[in-house]
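A.B. asks: give me a model of this one.
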Amino acid sequence: MNNSKIGWIGLGKMGIPMSGQLLKAGFSITVFNRSKEKEQDLKALGAGIADTPADLIQQTDLIIIMVSDDKAIDAIFKGDQGILSAGAINKIIINMSTVSPAISREIADLCKKQGNYYLDAPVSGSVKQAEEGQLVIMVGGDDEIFHNAKPVLEKLGKLTLRVGENGAGNTAKLAVNTLLAFHAQGLAEAIVFANKNGISTDDLLTIVNNSALGNVFGKIKGEAIMNDNYQPAFALKHIAKDLRLAKAEGLDTPLGKTVFQTFQEAESAFGEQDIISVIKQIR
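C.D. replies: Predicted coordinates:
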């Protein structure tokens, strides 16, 4: 697949390092982004630039998309100069965005009718993992197409796993992010409870991090709380959105209902801050 021409749509916090990984791996990359200034970072590294998604699919063999939500996906595929307007055939389109399983199934069907192939392949991991090619990638779609695309995806992640048909990758990602919300709120509540009863955050985190409960997430987010640093590695508004998607897919468990309510209430005040700023809501 190194001879394949790859198109990339979406140059946000994740899209820039991820597409950069493919450039470093020797792939030919052409990019499209709504904010044109962001394209220049990739152009400086050797990427080409397409004027529209329709132009991009005509110039490439495989397109990867990394954008924010269902609305953006709808525009990329169905817009006047969207992917579907090009009438291209035999292209592989990989949507790595965290979106609803429903939109993946819809777009997959539209792509199939045109003679193209669609995989949903959202990722677990943040900017650091993207920069190091250490993401976890969960894929929904046809098994043969998955294996054709796997050599590209393996340049982006330490694990690439097909979990089912179209939409399954998105469902798996919503399950992972629901657990992420549990971890964030649980850590925040434990710290608040400890503080109210005279235990310092530093002491509590030292205990937790040296116990069976210690994990990378807790260490990183605990340090963020200690340093009063809520710069977003993963913005709270994104987990609030993902929980809305999970609820629409049937999340109605006791903890699920609780984190849903907490993060929806926190979004207006702390949405642009990191997920662990949920501690401010709980306080």
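A.B. asks: most distant residue from the centre of this protein?
C.D. replies: Farthest-out residue of the chain from its mean C-alpha position, per CA atoms, centre = their mean: residue 198, at 38.1 Å.
A.B. asks: ok, now how distant is that one from residue 204?
C.D. replies: Computed as CB to CB, to the nearest Å, the residue 198 to residue 204 distance reads 11 Å. The C-beta positions use only the backbone N, C-alpha and C, and glycine is treated the same way.
A.B. asks: still on that earlier bit, now the residue farthest from the centre of the chain, what's its secondary structure?
C.D. replies: On the three-state scheme (DSSP: H, G, I helix; E, B strand; the rest coil), residue 198 is labelled coil.
A.B. asks: for this structure, which strand is longest?
C.D. replies: Longest strand of the chain, by residue count under DSSP state E: strand 157-164.
A.B. asks: quickly run through the sheet partners of that one, with directions.
C.D. replies: Sheet neighbours of strand 157-164, with direction, are listed as strand 135-140 (parallel) (DSSP bridges).
A.B. asks: quick check on the residue farthest from the centre of the chain: phi, psi?
C.D. replies: phi 90, psi 10 (degrees, to the nearest 10).
A.B. asks: and the gap between it and residue 187?
C.D. replies: 19 Å.
A.B. asks: how about residue 48?
C.D. replies: For residue 48, the distance to residue 187 (CB to CB) stands at 43 Å.
A.B. asks: what of residue 127?
C.D. replies: According to CB to CB, residue 127 stands 20 Å off from residue 187.
A.B. asks: the two - which one has more neighbours?
C.D. replies: residue 187 (23 against 16; other CB atoms under 10 Å).
A.B. asks: and that one, what does it touch?
C.D. replies: Residue 187 sits next to 217, 218, 221, 222, 276, 279 when contact means CB atoms under 8 Å, 6 or more residues apart in numbering.
A.B. asks: looking at it, residue 139 is touching residue 167, isn't it?
C.D. replies: No - counting by CB atoms under 8 Å, residue 139 stays clear of residue 167, with 11.0 Å between them.
A.B. asks: what's the overlap in contacts for the two?
C.D. replies: residue 120.
A.B. asks: which of these two has more neighbours?
C.D. replies: residue 139 (25 against 21).
A.B. asks: tabulate the CA atom coordinates of the helix or strand hosting residue 109 in PDB.
C.D. replies: Using DSSP states H and E, the element containing residue 109 is helix 101-114. What follows is helix 101-114, C-alpha atoms only, in PDB (Å, rounded to 0.1, in the frame of the first residue of the first chain):
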ATOM      1  CA  PRO A 101     -22.900   4.200  14.100                       C
ATOM      2  CA  ALA A 102     -26.000   5.300  12.200                       C
ATOM      3  CA  ILE A 103     -24.300   7.800  10.000                       C
ATOM      4  CA  SER A 104     -21.500   5.300   9.300                       C
ATOM      5  CA  ARG A 105     -24.100   2.700   8.100                       C
ATOM      6  CA  GLU A 106     -25.800   5.300   6.000                       C
ATOM      7  CA  ILE A 107     -22.600   6.600   4.400                       C
ATOM      8  CA  ALA A 108     -21.300   3.100   3.900                       C
ATOM      9  CA  ASP A 109     -24.500   2.200   1.900                       C
ATOM     10  CA  LEU A 110     -24.200   5.400  -0.200                       C
ATOM     11  CA  CYS A 111     -20.500   4.600  -1.000                       C
ATOM     12  CA  LYS A 112     -21.300   1.000  -1.900                       C
ATOM     13  CA  LYS A 113     -24.000   2.100  -4.300                       C
ATOM     14  CA  GLN A 114     -21.300   4.200  -6.100                       C
END
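A.B. asks: now for it, which elements pack on it?
C.D. replies: Packing contacts for helix 101-114, counted by 3 or more CB pairs under 8 Å, 6 or more residues apart in numbering; DSSP states H and E, involve helix 70-78, strand 92-95, strand 117-120, helix 168-196.
A.B. asks: contacts for the longest strand of the chain?
C.D. replies: Looking at what lies outside strand 157-164 - CB under 8 Å, 6+ apart - the contacts are 121, 123, 125, 133-141, 143, 146, 150, 153-154, 169, 171-172.
A.B. asks: buried members of the residues you listed into ChimeraX, please.
C.D. replies: A single ChimeraX command selects the buried members of the contacts of strand 157-164 (16 or more other CB atoms under 10 Å):
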select :121,123,125,133,135,136,137,138,139,140,141,146,150,153,169,171,172
